[in-house]
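Asker: got a predicted structure here, sequence first:
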Amino acid sequence: MNAQVDEYIAQQKEEIAAFLSKLRKSILTISDLCEERFSYQVPFYYFINKPICYFHVTAENTIIGFYNGRKLTERPGFLEHFGRKQVKLIFVNDFSEFDFDLFKEIIIEAMMTIEKKI
């Protein structure tokens, strides 16, 4: 685990911090090849040294962004491109309704797109 990510999560409101901790655990437990870094003032997650996703907290919501999102299956109402060419995003406002199973499916799909390149 990354100390800067620990600090980033600890600085959030309690409900957001709990959500981010669960996201973090969901990502890092999928594969031993997942790595956590802190860049551009936000947590990033890598698989085999390639970026998978990041999360960022704003005043309005929590954003989960997926690199190479154009290669991921769009899931209307959950994972969408929002007019972006490369990145697909998930905007989270209600943490209690977040679908962690679907999130894990997307993480695995992102990892599979990286493995296909290797």
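Answerer: That came through, no problem.
Asker: contacts and neighbour counts: CA atoms only from here.
Answerer: Will do.
Asker: now stretch 45-59: buried residues?
Answerer: Of the residues in stretch 45-59, those buried by neighbour count under the rule 16 or more other Cα atoms under 10 Å are 45-47, 51-57.
Asker: the strand ranked longest in the chain pairs with which strands, and in what direction?
Answerer: Scanning the chain for the strand with the most residues, using DSSP state E, yields strand 50-57. For strand 50-57, the paired strands and their directions (DSSP bridges) are strand 42-47 (antiparallel), strand 62-66 (antiparallel).
Asker: I106 is nearest to which of those?
Answerer: strand 62-66 (9.0 Å; Cα to Cα).
Asker: present the strands paired with strand 50-57 as a markdown table; the columns should include distance to A10.
Answerer: Listed next are those as a markdown table, based on distance: least, Cα to Cα, whole Å:
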| stretch | distance to A10 |
| --- | --- |
| strand 42-47 | 12 |
| strand 62-66 | 15 |
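Asker: how about the closest residue in space to F78 that isn't next to it in sequence: which residues does it bridge to?
Answerer: If the residues on either side of it in the chain are set aside, F78 comes closest to I90, at 5.7 Å by Cα to Cα, 6 or more residues apart in numbering. On the basis of DSSP bridges, I90 takes part in beta bridges with I64.
Asker: is it true that I90 touches E80?
Answerer: Yes. Using Cα atoms under 8 Å, I90 makes contact with E80 at a distance of 6.7 Å.
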